[in-house]
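>>> Got a predicted structure plus its sequence, pasted below:
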Amino acid sequence: MISLKSSREIELMRRAGRLTAQARALAGSMVRPGVTTHEIDAAVRKFIESHGAKPSFLGYGGFSGSACISINEQVIHGIPGPRKLKEGDIVSIDVGAFLDGFHGDCAATFPCGAVSDEAMRLIQVTEQSFWEGIRNARPGKRVYDISHAVQQYVEGNGFSVVRDFVGHGVGAKLHEAPEVPNYGPAGHGPRLQPGMTIAVEPMVCAGDWRVKVLKDGWTTVSADGSLTAHYENTILITDGEPEVLTVAED
């Protein structure tokens, strides 16, 4: 069942989204050599809680962090800990905030110091694929119109999209219907309607798209060890252009 949000609920989601985006920006500003992933995670938790909200991920399914912090070949769900960032790393940070009954969810990949040309291009293509996808996030279009556009852009740039994990609806629950893959045929999936709120989140590998989950049960890496990147925003389907809800400012 896909939830269509009321105008009041949309305003609450804007507030949650804004706080989530601010937490993402804070985390990104801390990405530099010598900083531990735990330090970033602790700052994210303190920031979110200082605004009367709860980190969406903390305790979710037993996850121990407030942010997922994934480095290099780690695609998603990296567990914060004592690992220190190094020059040349690329760091994907996924955050969520639960405020007044609603979640925001967003992610981005940040360079740590100077990174390789390939790593920077991977980051840029991954982010741009999000924007290419949401050109189709309009009423009357279908979910897979977004998916297809993401896949076409990523693969057209020589990279691959992860298939084992997908975007999703967001609202009172962190994960709602519908699923929003980053691949597939245009013209399929649920029809988009005003009031739908979804997280569109391209997960991209520099090599093959296959991934595996490590023994910790969370950390997901590219099977071939290639670099990966992640970019995500929560968006609202409107009567016209989509509205990005996870923006740091009004």
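Here it is on my side, so go on. Residues are numbered from 1 along each chain as shown.
>>> Report the contact partners of the nearest residue in space to Gly88 that is not next to it in sequence.
Spatial nearest neighbour of Gly88, chain neighbours left out: Val115 (5.4 Å); criterion: CB to CB, 6 or more residues apart in numbering. For the C-beta atoms, the positions are set from N, CA and C on the backbone; glycine is no exception. Counting by CB atoms under 8 Å, 6 or more residues apart in numbering, Val115 makes contact with Gly88, Asp89, Ile90.
>>> give me the low-pLDDT residue ranges for this structure?
Applying pLDDT under 70 to the chain flags the ranges 250.
>>> Helices along the chain, start to end?
Using DSSP state H, the helices found in the chain span residues 7-29, 37-50, 117-134, 143-156.
>>> among those helices, which is the most enclosed?
Across those, averaging neighbours per residue (mean count of other CB atoms under 10 Å) puts helix 143-156 on top, at a mean of 22.
>>> Could you list the residues in contact with it?
Contacts made with helix 143-156 from outside it, assessed by CB under 8 Å, 6+ apart, are listed as 125-126, 128-130, 132-137, 160-161, 178-190, 192, 198, 200, 202, 204.
>>> could you redo the last one with a cut-off of 7 Å?
Counting by CB atoms under 7 Å, 6 or more residues apart in numbering, the neighbours of helix 143-156 from elsewhere in the structure are 125, 128-129, 132-137, 160-161, 178, 180-190, 192, 200, 202, 204.
>>> Same check on stretch 29-49?
19, 23, 26-27, 54-55, 58, 65-67, 69, 80-87, 91, 95, 97, 110, 112-113.
>>> now, among the contacts of Val115, which is nearest to Thr234?
Distance to Thr234 across the contacts of Val115 (CB to CB) is lowest for Ile90, with 22.6 Å.
>>> Let me see the contact set for the closest one.
Ile90 makes contact with Asn72, Thr109, Pro111, Cys112, Val115, Ala119, Ile123, Leu227, Ala229 under the criterion CB under 7 Å, 6+ apart.
>>> can you do 10 Å?
31, 70-74, 109-112, 115-116, 119-120, 122-123, 126, 227-230 (CB atoms under 10 Å, 6 or more residues apart in numbering).
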